[in-house]
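S.K.: structure, please.
(one chain, ligands or ions: 2)
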Amino acid sequence: MSSTKRIVVTGGSGLVGKAIAKVLEDPEYKRDNEEWIFLSSKDADLRNPVEVKAIFDKHKPTHVIHLAAMVGGLFHNMAKNLDFLRNNLLINDNVLNTSFETGVIKVISCLSTCIFPDKTSYPIDETMIHNGPPHDSNFGYSYAKRLIDVQNRGYFEQHGKKYTAVIPCNVFGPWDNYNLKDSHVIPGLIHKFYLAKKCGDVGTVMGTGKPLRQFIYSLDLAKLFLWVLRDYDEVAPIILSVDEKDEVSIKAVADLIATNLGFEQPLKLDETKADGQYKKTASNAKLRQYLPDFKFTPLEEAIAESVSWFVQNYDKARK
Ligand code: NAP
Ligand code: GDP
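M.R.: Ligands and ions are numbered 1, 2, ... in the order given. Down below sits the predicted model:
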């Protein structure tokens, strides 16, 4: 029998961490030789190397899924680029280097399709991360995340360590961050339209509604994380995204959210607000070579489940 893996998930209390825990409740995805530990910032502030060493000494992971990060939508990034850079640089270096020093076999970190160059050809693929500056709106987050890829290469070249990273597109689902100011677009609009419906207000969508995005349901992403943990053996990162044909406009996704909330007011586009990068169309061809038959949850179904989760869990949702 294979030896037991002790898997620490940093950022285990967030959107993606909660989704992994949820998927592991399903016997189809659970494995007897895996012990899982989900951490939040209450267990350790990962910006502090002493706290990181203490939590690794306590749990002695053999594997790490590194999700913890300062995360936010377009407007949070625009307001706090320096904080995104510094907090994420500190968290990532502490987690990667403590993993190395304590003999962790495999680390899977998390990049994002929003760290790719702003001026680029499409579709974007895994080889293009460092090809030019990121969009100005999120340069802090992007450079901090890009350095994970650089650091992974260093651990492999200098020490033979197989530390890798995944590159999800925009993620949404239950346990998301629904803060009206700082969140990503889907949870932000769900919360905003929920309140507008209650108060009889207009629902406001920031920007022109024209930008295009690929969105992945957190529970689909969680299943892909389990595959990466168990079966993906490269150091080079891999894009975890829906297909290019499933890219949608912000206005289309706003309409879908409004419909699912039964919110019948017309939506107002506030074109004085930023659009961010027009599109970040990413190719999932590498993923499709490994998993040609993976089925993503259709966007309509995933939005319906997310809206319903928010309405049912309004009091305890992060906001
Ligand atoms: P999230 O819901 O905001 O959760 C962030 C997690 O990080 C929480 O568990 C939080 O702990 C933890 N954390 C933050 N600062 C910390 C610190 N200083 N010390 C310890 N823990 C800290 O984020 P998410 O959406 O699940 O994102 C997970 C990963 O996916 C991140 O690396 C993110 O960059 C990446 N990603 C996200 C998206 C997206 O659309 N959401 C897209 C692409 C990539 P508390 O709960 O205690 O605060
Ligand atoms: P991104 O995908 O990394 O750019 O981040 P977001 O999830 O924050 O999506 C940003 C896109 O959604 C931009 O085109 C915004 O103009 C648009 N958007 C529309 N309304 C909102 C909102 O209420 N919150 C956020 N975060 N974005 C919004």
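S.K.: for the rest of this, base every contact and every neighbour count on C-alpha atoms.
M.R.: Noted.
S.K.: where do the helices of the stretch 51-200 of the chain begin and end?
M.R.: Using DSSP state H, counting those that start in this stretch, the helices found in the stretch 51-200 of the chain span residues 74-79, 81-101, 139-159, 185-199.
S.K.: for the stretch 201-319 of the chain, which segments count as strands?
M.R.: Secondary structure of the stretch 201-319 of the chain (DSSP state E, counting those that start in this stretch): strands at 203-206, 212-213, 215-217, 238-240, 248-249, 267-270.
S.K.: buried set for the last one?
M.R.: Counting neighbours by 16 or more other C-alpha atoms under 10 Å, one finds that the buried residues in strand 267-270 are Leu267.
S.K.: so Trp69 sits against Asn88, correct?
M.R.: Heads up, residue 69 is Ala, not Trp. Yes. Shown here, Ala69 and Asn88 form a contact pair, counting by C-alpha atoms under 8 Å, at 5.8 Å.
S.K.: between these two, which one's more packed in?
M.R.: Asn88 (26 against 22; other C-alpha atoms under 10 Å).
S.K.: pretty sure that one sits against Lys145.
M.R.: Yes. Using C-alpha under 8 Å, Asn88 is in contact with Lys145, at 7.4 Å.
S.K.: sec struct for the closest residue to Pro61 other than its chain neighbours, please.
M.R.: Nearest non-adjacent residue to Pro61, counting by C-alpha to C-alpha, 6 or more residues apart in numbering: Arg6, 4.9 Å away. Secondary structure for Arg6, judged by DSSP: H, G, I helix; E, B strand; the rest coil, is strand.
S.K.: start the count at 59, not 1, going forward
M.R.: Sure thing, new numbering starts at 59, so read that last one as Arg64.
S.K.: before we move on, the earlier item: which among the helices of the stretch 109-258 of the chain is found nearest to ligand 1?
M.R.: helix 139-159 (6.5 Å; C-alpha to the nearest ligand atom).
S.K.: so which elements touch that closest one?
M.R.: helix 107-117, helix 197-217 (3 or more C-alpha pairs under 8 Å, 6 or more residues apart in numbering; DSSP states H and E).
S.K.: go again with 6 Å.
M.R.: On a contact count with 3 or more C-alpha pairs under 6 Å, 6 or more residues apart in numbering; DSSP states H and E, helix 139-159 meets helix 197-217.
S.K.: and of the helices of the stretch 109-258 of the chain, who's closest to Glu83?
M.R.: helix 243-257 (24.2 Å; C-alpha to C-alpha).
S.K.: run the chain-centre distance for the closest one.
M.R.: 21 Å (C-alpha atoms, centre = their mean, to the nearest Å).
S.K.: can it be found next to ligand 1?
M.R.: No. On the criterion C-alpha under 6 Å from any ligand atom, helix 243-257 is out of touch with ligand 1, staying 8.8 Å away.
S.K.: what residues does this structure put near ligand 2?
M.R.: So far as C-alpha under 6 Å from any ligand atom goes, the chain lies against ligand 2 at 131-133, 172, 228, 241-243, 246-247, 263-265, 269, 308, 332-334.
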